[in-house]
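S.K.: heads up, no residue letters with this:
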C-alpha cells in the first residue's frame, strides 16, 4: 500500500512558517499584500479566489481585490496594472487568465512588474524558471509539486523522472525545476509514442496531462513516487487526477498524491509564499 | 557504415537561400547588417569572428565591427549598446561573451534590444525559446542542430531523444526546440546516473556535454542519429566532439555528425539567417 502524500501536512507546515514571516514583516511596517485582479465572474476563478482569501488570512497576507467587468477595455486594464505596479503597498499580483478574448494576453501579462509576478506569468519570470535563477516567480502549481517532494523528503539528485505534459504552466516549469534539482527528466506529451514504457521505468512520475485516465496501471511500477497534478472531472462530476485508478495505483507504487487533497491544495500556499518573499525583498 | 551528416551541404543550401533573401532586402533599400561587439583580443572570439565575416560575405550580410579594449567600463559598453539599439541600419548584434569580469553580464546582455538579439542572449529571447514562440532568436549553435536534422530529413515527431548537457546555450534550448517539434526529450547531465542506458535506447542523441570521451560506444545502438555539438581538443591538439571514438561509432549508428565539419560549421549560417530575418522584420 502506497504512502498517500497528502497536501494538508505540507500546507500546515507552510502556514506556520509563512505566518511567522508575515508577522515579522507587518511588525516592521510592511504588511505583505496580494492584489487579485479578476475580470468577470467565471466560477472557476471565483472558487480559486475564495481559497486564496482563506489561505491569505491563515498566513497573514492582506488582499486587495480588483474586480472588473468582463468587457473592460485593454487600455483600462493596462492603466490598472500600471497603478498596481506603482503602489508600493502591493507586493504580489494574481491575475486570472485566460483573459476575455478582446484583450491581448501577451501585452497584458508582460505589463505586470516582474517583482510582483507571484504567479509566474511574465516573460521575465519564465526566463528565470528556464535558466534556474531567481527572477520573478515560478508558476504556483508547478512549484507545489516540488514543495511536496521536498516536504516528504525525496531527494531528486540522480532520479529519473517522467513529466507528462508540456504546458508553460505546469509541464515545462516542473521539468526545469527538477533539472535544477539534478533529476534526469523526460518530458512526455500527446505526441509521445510509448508513454507507458517511458513512465514504467522511472523513479518519479509527474502527471500533468489534464486528461481523465491518462496514467493507466501499466504506466506504474514498484517503488515509484507519483505526483498527480491534474484536476479532471468524471461524467458524474467527481474530481480526479490523471491517474486512471487511484486505488489500483496505490497498490503498485510507493507513494502517490491524492486528488483532491494533493498538489492543488498546496498551490495557494505557494502563492502566499511568493507574496511574502516579494514583500521581504521590497522591505530590504 | 553510418551516413556522415556533414555541415557543408547544409551551409551551401543556406548560403544560396540567404543570399537571395539579402539581395532582395538590399535591392529594396535595407542592407541586412550585423554588429559584432568584441572586448579585447581573445583568440577564440577572433577565430569565430573571422568565420562570421566570411559567412557574412557569402550571404550578403554587411558587418560593422565594434572592437573595444578589455578594460572598457560597463557604462561605456552600455552607451555603445544603446547607440547600436537606436541605429536603424543595424539589424542584429553578436556580442562575444564571457565579458571581462568587471562587467555585469546580466545587465549588459539584457541591455540589448531583443529584436536585434540574433544570438539569443537576452532573457526575452530565452523566454521565447522556452515558450516555443518567436521572440528574439534562439542561440545559434542550438538551432544549428535542428537545422541539420531538418536538412537531412529527420522528422522528430514521436522520436525519443537524449540531450546530454543542460546549459542555457545548447542543452536546454535544443531540448525546448525538440519538444516543440514533438520529440520526447530526456535531458541528461553530470548528475545523471545511467546516461549510457538512457542514450542507448533513444532514436537520436544530441551530445552537448563538452567533455572529451563523454559518449562511449555503449551509449550507442543500431539505427540511431547522433548530433555531436561539442568542440573539445585532445592532448595533442586535435579537435573532436563528445563522441569518444568516431570511427567505432560510425560502425554502430545510422548517422552521425563529424567534428569538425558538422554542427559548428552551420552555426554562423544560423547567425546570418537571424540577421536577415531581423532585417526582414524591420523592413516590414
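M.R.: Alright, I've got the coordinates. Every value quoted in this text rests on a predicted model; they were computed, and no experiment measured them.
S.K.: OK, contacts around the residue nearest to residue A:68 when sequence neighbours are not counted?
M.R.: Of all residues beyond its chain neighbours, the one nearest residue A:68 is residue A:39 (5.0 Å), with distances taken as CB to CB, 6 or more residues apart in numbering or on different chains. All C-beta spots, glycine's among them, are computed from the backbone N, C-alpha and C. Contacts for residue A:39 (CB atoms under 8 Å, 6 or more residues apart in numbering or on different chains) come out as A:68-70, A:72, A:77, A:96, A:99-100, A:103.
S.K.: out of these, which are buried?
M.R.: The neighbour-count test (16 or more other CB atoms under 10 Å in any protein chain shown) applied to those identifies A:72, A:77, A:96, A:99-100, A:103 as buried.
S.K.: in helices, which of the residues you listed appear?
M.R.: Members of those lying in helices (criterion: DSSP state H): residue A:77.
S.K.: of the buried ones among the contacts of residue A:39, which is the nearest to residue A:162?
M.R.: Distance to residue A:162, by CB to CB, is smallest for residue A:96 among the buried ones among the contacts of residue A:39, at 30.3 Å.
S.K.: pretty sure that closest one contacts residue A:43?
M.R.: No - assessed by CB atoms under 8 Å, residue A:96 is found out of contact with residue A:43, at 11.5 Å.
S.K.: returning to what we had before: and the furthest pair within the buried ones among the contacts of residue A:39?
M.R.: Greatest spatial distance among the buried ones among the contacts of residue A:39 (CB to CB): A:72 and A:96, at 12.7 Å.
S.K.: need the pLDDT of the most centrally placed residue in chain A.
M.R.: Geometric centre of chain A, nearest residue: residue A:141, 1.2 Å, by CA atoms, centre = their mean. Looking at residue A:141, its pLDDT stands at 97.
S.K.: my read is it is in a helix, agree?
M.R.: Yes - Residue A:141 forms part of a helix when assessed by DSSP: H, G, I helix; E, B strand; the rest coil.
S.K.: how many other residues sit next to the residue lying closest to it once chain neighbours are set aside?
M.R.: Nearest residue to residue A:141, sequence neighbours excluded (CB to CB, 6+ apart): residue A:267, at 4.9 Å. Look at residue A:267: counted by other CB atoms under 10 Å in any protein chain shown, it has 24 neighbours.
S.K.: for residue A:40, same thing?
M.R.: Neighbours of residue A:40 under the rule other CB under 10 Å: 15.
S.K.: with residue A:185 instead?
M.R.: Residue crowding around residue A:185 was assessed by other CB under 10 Å; the count is 28.
S.K.: just residue A:238 next, same as before
M.R.: Counted with other CB under 10 Å, residues neighbouring residue A:238 total 9.
S.K.: check the one 4 residues further on too.
M.R.: Other residues near residue A:242 number 25, with proximity taken as other CB under 10 Å.
S.K.: wait, doesn't it sit right on residue A:232?
M.R.: Yes - shown here, residue A:242 and residue A:232 form a contact pair, counting by CB under 8 Å, at 7.0 Å.
S.K.: ok, now which ones touch residue A:56?
M.R.: With contact set as CB under 8 Å, 6+ apart, residue A:56 has these partners: A:34, A:62-63, A:272, A:275.
S.K.: in strands only, show me those.
M.R.: Using DSSP state E to define strands, the subset of the contacts of residue A:56 located there is A:34, A:62-63.
S.K.: I'd like the residues you listed laid out as TSV, including neighbour count and distance to residue B:145.
M.R.: As requested, those are exported to TSV (neighbours: other CB atoms under 10 Å in any protein chain shown; distance: CB to CB, whole Å):
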residue	neighbour count	distance to residue B:145
A:34	27	43
A:62	18	49
A:63	18	47
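S.K.: just checking, the residue nearest to the centre of chain A touches residue A:170?
M.R.: Yes - with contact defined as CB under 8 Å, residue A:141 reaches residue A:170; the gap is 5.6 Å.
S.K.: which residues do those two both contact?
M.R.: Joint contacts of residue A:141 and residue A:170 (CB under 8 Å, 6+ apart) are residue A:229.
S.K.: using the three-state scheme, assign the residue nearest to residue A:141.
M.R.: helix.
S.K.: quick check, it in contact with residue A:139.
M.R.: No - look at residue A:267 against residue A:139 with CB under 8 Å: they stay out of range, at 9.2 Å.
S.K.: show me where the stretch 51-200 of chain A has helices.
M.R.: A:74-86, A:105-111, A:123-131, A:140-151, A:171-180, A:195-200 (DSSP state H, counting those that start in this stretch).
S.K.: right, is the last one up against chain B?
M.R.: Yes - among the residues of helix A:195-200, residue A:198 lie within reach of chain B under CB under 8 Å from any CB of the partner chain.
S.K.: any residues touching that helix, and which ones?
M.R.: Residues contacting helix A:195-200 (CB under 8 Å, 6+ apart): A:162, A:164, A:186, A:188, A:192, A:205, A:215-216, A:218-221, B:160, B:184.
S.K.: need the residues you listed in CSV (columns: pLDDT).
M.R.: Below are those laid out as CSV (pLDDT from 0 to 100):
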residue, pLDDT
A:162, 98
A:164, 98
A:186, 98
A:188, 98
A:192, 98
A:205, 98
A:215, 98
A:216, 98
A:218, 98
A:219, 98
A:220, 98
A:221, 98
B:160, 98
B:184, 98
